[in-house]
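Engineer: Give me coordinates for this.
(one chain, ligands or ions: 2)
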Amino acid sequence: MPKTAYVRTKPHLNIGTMGHVDHGKTTLTAAITKVLAERGSGTFVPFDRIDRAPEEAARGITINIAHVEYETDTRHYAHVDMPGHADYVKNMVTGAAQLDGAILVVSALDGIMPQTAEHVLLARQVGVDHIVVALNKADAGDEELTDLVELEVRDLLSAHGYGGESVPVVRVSGLKALEGDPRWTAAIDALLDAVDTYVPMPERYIDAPFLLPVENVLTITGRGTVVTGAVERGTIRVGDRVDVLGATVDTVVTGLETFGKPMAEAQAGDNVALLLRGVPRDAVRRGHIVAAPGSVVPSRRFSAQVYVLSSGEGGRSTPVATGYRPQFYIRTADVVGDVDLGERSVARPGDTVTMTVELGREVPLEPGLGFAIREGGRTVGAGTVTSVG
Ligand SMILES: Nc1nc2c(ncn2[C@@H]2O[C@H](COP(=O)(O)OP(=O)(O)OP(=O)(O)O)[C@@H](O)[C@H]2O)c(=O)[nH]1
Ligand SMILES: [Mg+2]
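Structural biologist: Ligands and ions are numbered 1, 2, ... in the order given. Here you go, the predicted model:
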């Protein structure tokens, strides 16, 4: 049976749930899909379908299972549920998830915990400009305590430049909404209204040459290799030629889908799967870039402005010096790089410094591109490319 095509009737945005382990991100994600499915504008995705490794669900030409899609009255959303897992935090810090807004989930029972603060800090650094707060587990929380947690969250957001007084804070219960309790399904509606109205539609660079950072690679027997990811800029159609940088091949897009539905044209902001003609499965990896032919030139050397996280923010407790060799997370790529701090030669935690970096391999770079610096599984710095070469 032919699949129903994706029809673009509403603006598309990418959002996600973030927050401390066990505060209820996945339960809330499932509850959102359930409430919207009952409204007739989406498919219910149960908890155990969201909360499993992408590899296990890599079936057909489809999107990374960490994403779910749904529609409100005014918008189409791709929603990525970010477990406290380091790999997903990594997606967030490199901007691979390309979040236009985020739902910060805070348990009303526990209040702000270390990852609540870490995620707010990272969101700020990667340019997520709008956060809506879900004070979850409000069914089990004491009202006065919940008021205190709300104050605490608003303060945290203000401290990171989010204007805590004006950020919508909605008291929800993912668990009770999943059970169909009308008081709490109404709270999910209120949360979605807050997202619809508070997170503005971002500018999309639809006219720029096509670029997609590869997040995941799959094989479909008999059809070929599929890459998935969010389109960073431009548009693409079946039959278009593309370069795969990293794999250094040129090929043709022979299939195009979003959330399992074929589409005629994908554009900046869309989460898509591209079927590539004649590209061997092991030639393409996460971190490679699919781009309009000749539109980007990869390089190894760049200068950047970098903020070195303080130990209180989860960063290092000791300075870094010229010769430091951490991992650079640039788009979906993870590349080792040699740091040169020039005359300054050392940078202490909490400092903002300029540096030049020599990467271990070439990647497409451009001024303004954000990246994270990680070492031993934790984020130690965040920066922006200022010049290339
Ligand atoms: N009382 C109550 N419990 C909840 C609610 N939402 C989630 N829980 C419980 O909290 C626990 C954690 O929920 P998850 O949804 O797995 O939390 P998470 O934030 O996705 O956790 P990680 O992905 O591991 O970071 C589970 O036992 C849920 O049943 C809620 O609204 N009320
Ligand atoms: Mg979870």
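Engineer: all contacts plus neighbour counts: C-alpha atoms, from now on.
Structural biologist: Fine.
Engineer: Name the residues of the stretch 151-300 of the chain found near ligand 1, please.
Structural biologist: Contacts of the stretch 151-300 of the chain with ligand 1, taken as C-alpha under 6 Å from any ligand atom, map to 173, 174, 175.
Engineer: nearest to ligand 2, of those?
Structural biologist: Closest approach between those and ligand 2, by C-alpha to the ion: residue 174, at 12.0 Å.
Engineer: Go ahead and confirm the closest one touches residue 24.
Structural biologist: Yes. Taking C-alpha atoms under 8 Å as the definition, residue 174 is a contact partner of residue 24 at 7.0 Å.
Engineer: When the two are compared, which one has more neighbours?
Structural biologist: Counted by other C-alpha atoms under 10 Å, residue 174 and residue 24 do not tie: residue 174 has more neighbours, with 28 against 24.
Engineer: mind exporting stretch 131-141 as CSV, just the C-alpha atoms?
Structural biologist: Extracted C-alpha coordinates of stretch 131-141, given in CSV (Å, rounded to 0.1, in the frame of the first residue of the first chain):
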residue,chain,number,x,y,z
ILE,A,131,12.1,27.9,27.2
VAL,A,132,8.7,26.9,28.6
VAL,A,133,8.7,25.3,32.0
ALA,A,134,6.6,22.2,32.9
LEU,A,135,6.5,21.8,36.7
ASN,A,136,5.8,18.1,36.5
LYS,A,137,4.5,15.7,39.2
ALA,A,138,2.2,18.5,40.4
ASP,A,139,-0.3,15.7,41.2
ALA,A,140,1.9,14.5,44.0
GLY,A,141,3.4,17.9,45.2
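Engineer: buried stuff in that stretch?
Structural biologist: 131, 132, 133, 134, 135, 136, 137, 138, 139, 141 (16 or more other C-alpha atoms under 10 Å).
Engineer: For the third one, what are phi and psi?
Structural biologist: For residue 133, the backbone dihedrals are phi -100, psi 130 (criterion: degrees, to the nearest 10).
Engineer: Overlap of the contact sets of residue 174 and residue 24?
Structural biologist: Here residue 174 and residue 24 share the contacting residues 136, 137, scored by C-alpha atoms under 8 Å, 6 or more residues apart in numbering.
Engineer: circling back to that earlier point, dump the buried residues of stretch 131-141 to a markdown table, plus pLDDT.
Structural biologist: What follows is the buried residues of stretch 131-141, written out as a markdown table (pLDDT from 0 to 100):
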| residue | pLDDT |
| --- | --- |
| 131 | 97 |
| 132 | 98 |
| 133 | 98 |
| 134 | 98 |
| 135 | 98 |
| 136 | 98 |
| 137 | 98 |
| 138 | 97 |
| 139 | 97 |
| 141 | 86 |
